[in-house]
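Peer 1: I would like the atomic coordinates for the input below:
(chains A and B)
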Amino acid sequence: MKQIPAPFWTLILGIAVTLISLWVGQNHNLLPVQASEQAPLVDDLFNVMMTIGTALFIVVQGAIVYSLIRFRQPKGDDTDGLPIEGNLPLEAFWTAIPAVIVVGLGLYSVVVFQEMGGFSPGGHHGHGAMVAMAPQQSVIDVAPLLLAQGLDDDTVFGKTQVYGFGASPLVQMNQPDVTVNVTGMQFAWIFRYPDTGITDGELHIPVDKDVQLKIEAQDVIHSFWVPQFRLKQDALPGEPGELRFVATREGTYPVVCAELCGSYHGAMRTQVIVHSPEDYADWVASRVAEATPTTTVAQPIEKATDAEYLAEIAPDLARSPVQIAQTGLVNH
Amino acid sequence: MAQADVSIKPTELQGGHGHPDKWKWYDYFTFNVDHKVIGIQYLVTSFLFYLVGGFMAVLMRTELATPNSDFLSPELYNAFLTNHGTIMIFLWIVPAAIGGFGNYLIPLMIGARDMAFPKLNAIAFWLNPPAGAVLAASFFLGGGAQSGWTSYPPLSEITANLPQTLWCVALIMVGTSSILGSVNFLVTIWKMRVPSMAWDQMPLFCWAMVATSVLALFATPVLAAAMVLLLFDINFGTSFFKPDAGGNVVVYQHLFWFYSHPAVYLMILPIFGIMSEVIPVHARKPIFGYKAIAYSSLTICLVGLFVWVHHMFTSGTAPWMRIFFTISTLIVAVPTGIKIFSWVATLWGGKIRYTTAMLFAVGLLSMFVFGGLSGVTLGAAPFDIHVHDTYYVVGHFHYVLYGGSVFGIYSGIYHWFPKITGRMLNETLGKVHFVLTFIGTILTFTPMHNLGMQGMPRRVAMYDPQFAHLNQLVTVGAYILAVSVIPFYFNVIWSWMKGKEAGPNPWNAMTMEWTTDSPPIIENWEVLPVLTHGPYAYGMERADEVGPAGEPLPTSRP
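Peer 2: Have a look, this model is predicted:
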């Protein structure tokens, strides 16, 4: 790279690349709106990677294009190029720089991961913060059989590794404001509110409150994802998952299944409605007044097929999962 | 040295009956032990499977031109996405890059008359066509496996049982083939180099194949084990992965990815080797940083064994694992960066010839920079949580597998076709092929990143209508890619029959395979060659014109 032009031009190019990269890192508009406390943390990390990535991209592609033009074979010249076999300082340089960058990114990732609550899934329920339990327990531990115990059984969470994102370090000792049990099944999400007995096909939560989702799967693996929250956790049969977050922006956002779960996987979509505190209270009151869904929940669902089970609870759902599944086919 | 003893005497081939002077066309359809025949068998079959997998991709992209499921049934769509991935990985890139180029080139590059175990080599190849037949059969016996190329239980255990079983059998066959091939490569490179060739005079493609083979030997048996367990769960009532009977679904994911992450290096390391051969020849310069490139292959091989959990960041993965595997994954960027920078430095100061082989190699370089950078973002767990299992991932791995591996295979074909067939490919058709492929690749795989970040999950037959426009763009790109193969296949078939005679060394290259006829005679050389110069000694006859330590003199360039 010694033929890079005079230092002046190198400096100008360096400044230009830096400015472009910084601008791209902040103005790429690639990510959807931020609607949770975790979202800005994730986006800041991505923006940093985008900035570094843009700079590297411009420099390397620039070097390639420059070489292709500058060092093309002159007409009629069949001789060889310069026999340069290496340059130790240069090679050390381009080994060290990426090494420093990736170590820095790694450390930054750890910080973001911690602030997101990544180190404390399962740290709640009056058991205190169980941050330390993670490494020792092998994932091979057989989780207690979820369905046999009933879907709402808290003891599952006390005994075994919980996967996902728990409380952020700031609120680790606090109980969450709202707890929702989330069950994935082919091809719908069921949301149950143990405090009020509400069952719904959409997730309703209050804004600016500490919400905990306990995520389970009934049949195959699903994955709970709200892009605007930047949070995702697989719903694994037999392995409890958790997402704990504070929604920071009122609105309606999609809930997407992100793990292939069968033929209508693409139609396994519903929505999360982030209410103002008053609206949320109204919604809870109206749903509690409506019905007593606890009878259906108490049934031994493991004996029912998915279809029978869905038929039982379908009236409780704001939008039938069967309808959800069919919209993909029927709506033209 | 033992080389004279292990080289195969004519009488040992074909069960002691000797061999003809030249293979006839039908010899290529038999259990032939010549490494060159086997290499061609691998290449031709893999290029056929490439069309099958590509056809499935075109049908899927047609389905995805609209948000609703209105072209294929959802079951058929899932069968296509499963088998598209399976075929493209196990019956296209792996057999083409490792089986095809590896078998054809390694003995020629190191001055051997054949591979160390020719019969084993033929067995390894002949496991592939039946594996493809088994996959094809799975479509007619129950609609094909539908649980993705990852085939996670419980879905894979409750969906389309017979096709899923056949899928497992096919993977065990190609896995076995891969293990047998790897042993053969290692022993051949270790034992059968011409006596005059030291380790650091070996072409870098051979180094890449050493790393590839070690990786395959460590990882592939684990995949085979996972397949056997899954097959038993489906058919024989075991419950390794059945959560309601004491099994664990996450264990399968560990077994699967312990192989399948290294598998991406299996698909790219040989391609890196091809890059290191093609670029110096067409840039007319020695490879920059021979040792750094060789060692970085070995580093990728080593680190690559310890990154598999980054495919499971949203699964049943403990916090410490998410962190450990974030760090280990990011580290892979360092040796990969060394290679990319070294190739760019090889271009720098060269006299670059715009051959189609070189265009694809430089195109790969360009694509891989993008795919590598998006790979780093995926390595960071907090961001991966958001884009895991979305189109961002689909865009990323197609950038490195299509923009990387497939570009590399094309580059290798344009480069070595004259050696393999004795005839030149048509360069004009080649350039049309390159331009279509380059545009198609960017158009198909770039918008996928936007889709994933905005919220579109992967493996869906129906999607939110807000994503329709970008998906239509992707579909147009996919059609361009589909069209791009037409000039290529036409070129290959036509040139093989009627192309210009190539002569032994049309590129004026310096590695050993170019010292024999094109195509080489059956035992490669009449008399084993003697190494007189390194593999990349371009411009060396003018060595007195350059300053100390390889520093170029400004006047030596026109």
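Peer 1: Can you get me a residue count around the residue nearest to residue A:72 when sequence neighbours are not counted?
Peer 2: The spatially closest residue to residue A:72, leaving aside those adjacent along the chain, is residue B:352, at 5.1 Å (C-beta to C-beta, 6 or more residues apart in numbering or on different chains). Every residue, glycine included, has its C-beta placed from N, CA and C. By other C-beta atoms under 10 Å in any protein chain shown, 24 other residues sit near residue B:352.
Peer 1: Can you name the helix or strand that residue 288 falls in?
Peer 2: Let's take chain A. helix A:277-290 (DSSP states H and E).
Peer 1: Can you tell me what sits against that helix?
Peer 2: Outside helix A:277-290, the residues that touch it by C-beta atoms under 8 Å, 6 or more residues apart in numbering or on different chains are A:193, A:196-198, A:200, A:204-209, A:275.
Peer 1: Need the buried ones from the residues you listed selected in ChimeraX.
Peer 2: Buried subset of the contacts of helix A:277-290, written as a ChimeraX selection, criterion 16 or more other C-beta atoms under 10 Å in any protein chain shown:
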select /A:193,198,200,204,205,206,207,209,275
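Peer 1: Relative to residue A:225, which of the contacts of helix A:277-290 is nearest.
Peer 2: The nearest member of the contacts of helix A:277-290 to residue A:225, counting by C-beta to C-beta, is residue A:205 at 15.5 Å.
Peer 1: Could you look up the SS state of the closest residue to residue B:124 other than its chain neighbours?
Peer 2: Leaving aside its chain neighbours, residue B:124 sits nearest to residue B:180 (4.0 Å; criterion: C-beta to C-beta, 6+ apart). On the three-state scheme (DSSP: H, G, I helix; E, B strand; the rest coil), residue B:180 is labelled helix.
Peer 1: List the contacts of residue B:180.
Peer 2: B:120-121, B:123-124, B:127.
Peer 1: Which one (most neighbours) among those?
Peer 2: Result: residue B:121 is most packed of those (other C-beta under 10 Å), 28 neighbours.
Peer 1: still on that earlier bit, in the helix holding residue A:288, what's buried?
Peer 2: Residues of helix A:277-290 classed as buried: A:280, A:283-284, A:287 (neighbour count, 16+ other C-beta under 10 Å).
Peer 1: average pLDDT for that helix?
Peer 2: This predicted structure assigns helix A:277-290 an average pLDDT of 91.
Peer 1: next one: stretch A:115-133
Peer 2: Along stretch A:115-133, the predicted local confidence has a mean pLDDT of 61.
Peer 1: Relative to residue B:319, how far out is residue A:103?
Peer 2: Separation of residue A:103 from residue B:319 (C-beta to C-beta, to the nearest Å) stands at 20 Å.
Peer 1: I'd guessed residue B:21 sits against residue B:522; true?
Peer 2: Yes: with contact defined as C-beta atoms under 8 Å, residue B:21 counts as touching residue B:522 (7.2 Å).
Peer 1: related to what we said a few turns ago, would you format the buried residues of helix A:277-290 as JSON lines with distance to residue A:108 included?
Peer 2: Below are the buried residues of helix A:277-290 laid out as JSON lines (distance: C-beta to C-beta, whole Å):
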{"residue": "A:280", "distance to residue A:108": "35"}
{"residue": "A:283", "distance to residue A:108": "39"}
{"residue": "A:284", "distance to residue A:108": "40"}
{"residue": "A:287", "distance to residue A:108": "42"}
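Peer 1: Widest-spaced pair of those?
Peer 2: A:280 and A:287 (10.7 Å).
Peer 1: before we move on, back to that, for the contacts of helix A:277-290, name the two members farthest from one another.
Peer 2: A:197 and A:208 (24.3 Å).
Peer 1: where do the helices sit along the stretch 101-250 of chain B?
Peer 2: B:103-110, B:118-126, B:128-140, B:155-158, B:161-191, B:204-235, B:249-283 (DSSP state H, counting those that start in this stretch).
Peer 1: Could you dump those into CSV with mean pLDDT and distance to residue B:371 added?
Peer 2: As requested, the helices of the stretch 101-250 of chain B are arranged in CSV below (pLDDT from 0 to 100; distance: least, C-beta to C-beta, whole Å):
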stretch, mean pLDDT, distance to residue B:371
helix B:103-110, 96, 25
helix B:118-126, 96, 29
helix B:128-140, 95, 27
helix B:155-158, 94, 28
helix B:161-191, 96, 23
helix B:204-235, 95, 18
helix B:249-283, 95, 10
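Peer 1: Looking at these, which is nearest to residue A:181?
Peer 2: With distances scored as C-beta to C-beta, the stretch of the helices of the stretch 101-250 of chain B nearest to residue A:181 is helix B:249-283 (19.6 Å).
Peer 1: Can you pull the poorly scored residue ranges out of the stretch 51-200 of chain A?
Peer 2: Across the stretch 51-200 of chain A, residues meeting the criterion (pLDDT under 70) sit at A:123-160.
Peer 1: Is the helix or strand harbouring residue B:321 positioned near chain A?
Peer 2: Secondary structure assignment for residue B:321, by DSSP H and E: helix B:319-331. Yes: counting by C-beta under 8 Å from any C-beta of the partner chain, chain A has neighbours in helix B:319-331: B:319-320, B:322-323, B:326-327, B:330-331.
Peer 1: what's downstream of that helix, the next helix or strand?
Peer 2: Remark: after helix B:319-331, the chain's next helix or strand is helix B:333-347, criterion DSSP H and E.
Peer 1: if you look at the next helix or strand after that next one, does any of it touch chain A?
Peer 2: Reading on from helix B:333-347 to the C-terminus, the next helix or strand found by DSSP H and E is helix B:356-379. Yes: residues of helix B:356-379 are located near chain A by C-beta under 8 Å from any C-beta, namely B:362, B:365-366, B:369-370, B:373-374, B:376-377.
Peer 1: who wins for neighbours among those residues?
Peer 2: residue B:362 (28 neighbours).
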